[in-house]
Every structure is written in C-alpha cells, then in structure tokens.
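Participant: Any chance you could fold what I've pasted below:
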Amino acid sequence: VGGVMQNPGTDFTVASSTLTFTTAPASGLDFWGLIQGDAVDINTPADSSVTSAKIVDGAIVNADINASAAIAGSKLADNAIGLAQMASGTDGNLITYDASGDPAHVATGSSGQVLTSNGAGAAPTFQTSTSAGSFRNLIINGAMQVAQRATSSTTAGYGSLDRFQGVSGGGEEACTHSQHALTSSDTGPWAAGFRNSFHLQNGNQTGGAGSNDYAYIGYTIEAQDIATSGWDYNSASSYLTLSFWVKSSVAGQQYGYLYTADGTSQGFSFSVGNLSADTWSKVTVNIPGHANLTFDNDNGGGLYMYWGPHWGSDYTNSGNTLLTWAAYSSSNRTPDFPTTWWTTNDATFEITGVQLELGDTATDFEHKTYADELRRCQRYFWMYADGGQVTSSSVADGRFLSGAEVDFMVTFPTTMRSTPSIYQVTGDNYFKIMASGYTGYCDGNWTLQYAHRNGTSHYQGPDTSGSTNLPVQVIINNSSARLGYQAEL
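Facilitator: Sure thing, here's the model as predicted:
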C-alpha cells in the first residue's frame, strides 16, 4: 500500500472476497493486490506469435491432431516416411497409381507369376508365366521370316518356310505352300509387326471332297524342349498357351489338333474358329496338362501341331471333344470339317504370329531379328550353297582324293539336331571344279561321308579326271543349284 509490501496475517487478513486491514491505510494511498490460488486470466496469443521454441519437445501427441486434418506433402521432410510408418500392409501387395493419380495396390499374384506392364494408363498385373522374358516362345520362325529352301513349293512337307510344313493329299492337284508378304491391308497382323505369313493355296479339286482328302500346316517341337519348358504336363492345372493369327478366303469352321508320340500317344483338338472370309482373326488356346502325357528328354519329336483348312471324314469324328486330351486316334483327330474350302478352287488359308508359351495367358508375340531366327532354324536345316542367291562363287576348297574323286569338307554354323542328310538340287554341270591347269564339272549329286552333327565331308566324281591330291575349288555354276543339310523332325 503506497509502495509498501503488507504482511499477510499481520497487516491484513482475507476472508473469502473480503480484505480487512489491521490498521486503516491513510486516505488517498494507491494499492494493488494478488490473491494466490485464484485463476489468472491469460490473453489468447495473437496469430503467428507462438514459436516452436515455446513448445516443449514431445508435447504434441496423436490425440492433439484432428482426424480430418490434411497434411500437405510439402510439409513432410524428404525420407521422413520409413518402413515403420508403412506398417499394416498386406504381404505381397505392390503400390501403383489409379487414373486419378491416387495410390492403389496391385492385386496380389500367385506363386511363380511375374509382374507385367500393361502400358501407360493401366495398372500392371501378375501373369502366370515363368518365362516372360527372352525366348519364351517355344516356336521357331513363328513370324514366318525364314525360308531357306524356297519361298514357294508344291512338295508335301518342308519346302518353303523353315520349320513349318505344308501338306496335302488325296485330291487331284497338290496345294501350294509359300511365304506370303503381308501389306498394310492385312488388318491385325500388320499392326502387330508381322510382315509374312505361311500361305496354303488349294489346287483345283475337280473330284469333289473325298473321305481321305486333306490339307494342313504342321509344326513339330523336340520332346526335350517340352520336357524342360517348365510345364508340369501331368497336372491339369498347369498350362501352355498357343496363340496365332489366321485367315481363310472361304468362310466356315476350321479346326486344329495336337499330337504326342512318346508313351501312349495323346490327341487334343481345338477350334481355329468359325472364320469370316478374308478376315484375320487372333486365336488363343489354353492347353492343360494331363496325367497320360509323356515327353522324353531327347531330340525326337515331342509335340506335333496341326492347323487344317480340311481333313476328310476318314480323319474326323462328329463326337470329337474339343480342348480335351484323349488317346490319339487317326480317325478322331478333330470334329467333322465342312467341305467348302476343299471344293473351292484356289482357296487360301494362312497363319502367322504363332506362339506357344508357358502359362495360361497369351502374351504379346516375342519378335526376334531375322538373324536370331535363322540361327535357330539352322539346327534343323542349313542351306550352304544357293545358286539363286549367287552363282560363280566358291563353295569350298577341296582336293582330288584320287584321279576320279573330288572331296571337300564343311563345318556347320551350329550343332544340328541329329546327323543330317543332304539336301541338293542337281543338274548337268551345276558345279564347276577348278584348279591350276584343270577345269571340270559335276552335276551336284554329292555324297556325304563321315557326317556328324557339326560337319561333314563330301565326294563326287567330276566329268574329267584330275591328279591325286590336286587342290581344287568347288564353284556354283548354275542358278538352280542348291546344297544343304537337313535334320528335321
């Protein structure tokens, strides 16, 4: 009071809200007082007036943050979110973004599946394929790029495109199989990167459709390539998937089938489709395993594949069940075929983009370079000398083993499937034998000797004798001359 501190209990007392002085203060003195234990009014701090230094570390806890509060990403320090902050997820889930840019999880896959991109704007997915990388396609030359023998043939079997056969029989005129160049008007395959097809053209079957008539395209895979593919072929829940493009000039239902030779032969038919005329269709076939399937781990034929525009009634059965393995019967390969394709002169049937892969999902075709496909084809066929490509060129260096026999050796560019046989197109003077002071000719009927999977020797007698051990050059002398080696299935 008046600047003098008063002693509680001596100079004054307090009862409730009443202050009583022991001695009345002089009139006119100023005084102030503070009652301890009463609430003290504290003004609300002004906006932006409280600094972080005024907040005790750890004072703000989870309950102090409103559940609806949105914390901007810019307020989070780099690397501030660790694994501990991402707890309680589902084991196996991956994070992607949806169309709105919001995070979302990728549906959990199954054991053995691989994560596959579906392009911009679509979430990735897990697919059942353990070989989704390079060389997942078990088919060689499925884009129909390589045709070492010729681009067209009427010979039943191999004759045009490598690894694929064109076969027909029973009719009046053989079908022609060829490598057919596609154009931008081939809607579907062209946009998918295919530039060639295997083209089968009917002859003129003036006798109508006989029960033993047939026309088909065939392909054979080595048994060891199936046995070691990763396909659990004795399990009905394990799959291979076949996909291909197909077109027919004649509308109608077409079929194909698979055949196995090892163990007890099994057959499996599938629909190629009820095709519209002159329209490309993409076909996918899931092939399950079966307890009765056998594939030996060797270089023999394992899985035989056939696409047919026509099989006569000797080979088909109206009771045939599609997409089911059963004991193979030559008279029950597929359901019955319509005869329209076979009885239409010059009808065509073609396929391309053939792919066979592990899993139950058809992936995009695995395109390879021409060089890659050629190298793989050469395991089964190698065209060594082709007069259609170049004439008057050296085939090999050789020598006269005797005065009447010329020999030369060749090393193959890759190990062949088995010891090959010779492939040759022969004719008078198709090959020239040249040496210093010597010129002779032979027709090209070379005989292999000491052949093995990596090379062979050849011999033949030219039209003019030479000196023993005389070094010679063997030269192509005709554009029709051919010399190759085949170890096909």
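
Participant: in the stretch 101-250 of the chain, which spans are strands?
Facilitator: 103-106, 114-116, 125-127, 152-153, 164-169, 176-181, 196-201, 214-222, 239-248 (DSSP state E, counting those that start in this stretch).

Participant: Next SSE downstream of the helix or strand harbouring Glu373?
Facilitator: Per DSSP states H and E: Glu373 is located in helix 370-377. Next helix or strand after helix 370-377 toward the C-terminus (DSSP H and E): strand 381-386.

Participant: counting contacts, what elements does that next one pack onto?
Facilitator: strand 482-486 (3 or more C-beta pairs under 8 Å, 6 or more residues apart in numbering; DSSP states H and E). Every residue, glycine included, has its C-beta placed from N, CA and C.

Participant: Give me the residue at the spatial middle of this structure.
Facilitator: With distances taken as C-alpha atoms, centre = their mean, the residue of the chain nearest its centroid is Glu366 (4.2 Å).

Participant: what angle sits between the helix holding Glu373 and strand 381-386?
Facilitator: Counting by axes from the mean of the first three to the mean of the last three C-alpha atoms, to 10 degrees, helix 370-377 points 110 degrees away from the direction of strand 381-386.

Participant: Buried deepest among the strands of the stretch 101-250 of the chain, which one?
Facilitator: For the strands of the stretch 101-250 of the chain, the largest average neighbour count (mean count of other C-beta atoms under 10 Å) is found in strand 196-201, namely a mean of 25.

Participant: Can you tell me which helices and strands that one packs against?
Facilitator: Using 3+ C-beta pairs under 8 Å, 6+ apart as the test, strand 196-201 ends up in contact with strand 164-169, strand 176-181, strand 214-222, strand 348-358.

Participant: redo that, cut-off 7 Å
Facilitator: When contacts are defined as 3 or more C-beta pairs under 7 Å, 6 or more residues apart in numbering; DSSP states H and E, strand 196-201 packs onto strand 176-181, strand 214-222, strand 348-358.

Participant: What's the mean pLDDT across the shortest one?
Facilitator: Strand 176-181 shows an average pLDDT of 98 in the prediction.

Participant: That one pairs with which strands, parallel or anti?
Facilitator: Taking DSSP bridges as the criterion, strand 176-181 forms sheet pairs with strand 152-153 (antiparallel), strand 196-201 (antiparallel).

Participant: contact partners of the longest one?
Facilitator: Yep, that's strand 196-201 we're talking about. 143-145, 161, 164, 166, 175-182, 215, 217, 309, 346, 348-352 (C-beta atoms under 7 Å, 6 or more residues apart in numbering).

Participant: Kindly calculate the angle that that strand makes with strand 348-358.
Facilitator: Going by the same axes, to 10 degrees, strand 196-201 makes 130 degrees with strand 348-358.

Participant: chain center to strand 196-201: distance?
Facilitator: In terms of C-alpha atoms, centre = their mean, to the nearest Å, the centre of strand 196-201 is found 22 Å from the chain centre.

Participant: Could the C-alpha coordinates of it be exported in CSV?
Facilitator: C-alpha atoms of strand 196-201 as CSV (Å, rounded to 0.1, in the frame of the first residue of the first chain):
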residue,chain,number,x,y,z
ASN,A,196,4.9,-62.6,-93.7
SER,A,197,2.5,-65.5,-93.3
PHE,A,198,2.5,-69.2,-94.1
HIS,A,199,0.2,-69.3,-97.1
LEU,A,200,-1.5,-72.5,-98.2
GLN,A,201,-3.4,-72.4,-101.6
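
Participant: got the angle for it vs strand 214-222?
Facilitator: Put simply, strand 196-201 runs at 140 degrees to strand 214-222, going by the same axes, to 10 degrees.

Participant: what about strand 196-201, average pLDDT?
Facilitator: Here the average pLDDT along strand 196-201 is 98.

Participant: list the buried ones in the helix holding Glu373?
Facilitator: In terms of neighbour count (16 or more other C-beta atoms under 10 Å), helix 370-377 has its buried residues at Glu373, Leu374, Arg376, Cys377.

Participant: Now do that helix, average pLDDT.
Facilitator: Per-residue scores along helix 370-377 average to 98.

Participant: same check, this time on stretch 470-489
Facilitator: 97.

Participant: buried stuff in it?
Facilitator: For stretch 470-489, by 16+ other C-beta under 10 Å, it's 470, 472, 474-478, 481-489.

Participant: Just to check, Glu222 is in contact with Tyr304?
Facilitator: No - if you go by C-beta atoms under 7 Å, Glu222 and Tyr304 don't touch, sitting 11.1 Å apart.

Participant: which non-adjacent residue is nearest Leu489?
Facilitator: Nearest non-adjacent residue to Leu489, counting by C-beta to C-beta, 6 or more residues apart in numbering: Thr220, 4.0 Å away.

Participant: That neighbour bridge partners, please.
Facilitator: Listed beta-bridge partners, Thr220: Tyr304 (assigned using DSSP bridges).

Participant: residues touching it, list them.
Facilitator: Contacts of Thr220 by C-beta under 7 Å, 6+ apart are Gly301, Tyr304, Leu489.

Participant: Asn454: which of those residues is nearest?
Facilitator: Leu489 (19.0 Å; C-beta to C-beta).

Participant: hang on, that closest one packs against Asn299?
Facilitator: No - with contact defined as C-beta under 7 Å, Leu489 does not count as touching Asn299 (8.5 Å).

Participant: who touches both of these two?
Facilitator: Glu222.

Participant: ok, Tyr233 touching Asp296?
Facilitator: No - in this structure Tyr233 lies outside contact range of Asp296 using C-beta under 7 Å: 11.9 Å.

Participant: The two: who's more crowded?
Facilitator: Of the pair Tyr233 and Asp296, Tyr233 is the one with more neighbours under other C-beta atoms under 10 Å, namely 24 against 16.

Participant: State the number of residues packed around the closest residue in space to Val472 that isn't next to it in sequence.
Facilitator: Nearest residue to Val472 in three dimensions, chain neighbours excluded: Ala435, at 4.4 Å (C-beta to C-beta, 6+ apart). Neighbourhood size, Ala435 [other C-beta under 10 Å]: 17.

Participant: And for Tyr459?
Facilitator: Neighbourhood size, Tyr459 [other C-beta under 10 Å]: 15.

Participant: what's the following helix or strand after the helix or strand harbouring it?
Facilitator: According to DSSP H and E, Tyr459 maps onto strand 455-460. Heading C-terminal from strand 455-460, the first helix or strand you meet, by DSSP H and E, is strand 471-476.

Participant: could you check the angle strand 381-386 makes with that next one?
Facilitator: Counting by the same axes, to 10 degrees, strand 471-476 lies at 100 degrees to strand 381-386.

Participant: Compute the first-to-last residue distance for stretch 106-119.
Facilitator: By C-alpha to C-alpha, to the nearest Å, the extent of stretch 106-119 from end to end equals 14 Å.
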